[in-house]
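Fold the following and give me the result.
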Amino acid sequence: MSWSSAIRQVHRWTSILFTLIVAGIFATLGLGREPVEWVYYLPLFPLFVLLPTGLYMFARPYIGRRRPLEQE
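Residues are numbered from 1 along each chain as shown. Predicted coordinates:
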């Protein structure tokens, strides 16, 4: 597995984890229960992983195009 596909896979699974955490928080609030305060900090870890992996995937096509012009 190349680095690019590994980063894409990590980003994909982390986004699923982030979505499940946020949905769980909203479901708990929808049931009328107030979760403990530290639960609101749970989505931060996946966000810290999603930021660099997302920036890498965003910049990769632009970085790949940077090639020096060939001299004729």
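
contacting residues around the residue nearest the centre of the chain?
With distances taken as C-alpha atoms, centre = their mean, the residue of the chain nearest its centroid is L50 (2.3 Å). L50 makes contact with 11, 14-15, 18, according to C-beta atoms under 8 Å, 6 or more residues apart in numbering. Bear in mind the C-beta positions are built from the backbone N, C-alpha and C, glycine included.

which one of the residues you listed is nearest L55?
H11 (10.2 Å; C-beta to C-beta).

what's the offset of the biggest helix by length in the chain from the middle of its chain?
Taking DSSP state H as the criterion, the chain has its longest helix at helix 3-30. Put simply, helix 3-30 sits 7 Å off its chain's centre (C-alpha atoms, centre = their mean, to the nearest Å).

what does stretch 52-68 give?
Computed by C-alpha atoms, centre = their mean, the separation of stretch 52-68 from the middle of its chain amounts to 16 Å.

and the nearest residue to L17 once chain neighbours are set aside, which of the three is it?
Once flanking residues are discounted, L17 sits nearest to P46: 5.2 Å by C-beta to C-beta, 6 or more residues apart in numbering. State at P46, reduced to three classes by DSSP: H, G, I helix; E, B strand; the rest coil: helix.

And P46, how close does it get to Y62?
25 Å (C-beta to C-beta, to the nearest Å).

in the helix-or-strand element of the chain with minimal mean pLDDT, what's buried?
Every helix and strand in the chain was compared by mean pLDDT, DSSP states H and E; the lowest is helix 44-65, with a mean of 90. Residues of helix 44-65 classed as buried: 46, 49-50, 53 (neighbour count, 16 or more other C-beta atoms under 10 Å).

again, but for stretch 10-22
11, 14-15, 17-18, 21.

How much space separates F26 from A59?
Going from F26 to A59 by C-beta to C-beta gives 32 Å.

cool, L47 as well?
For L47, the distance to A59 - C-beta to C-beta - is 18 Å.
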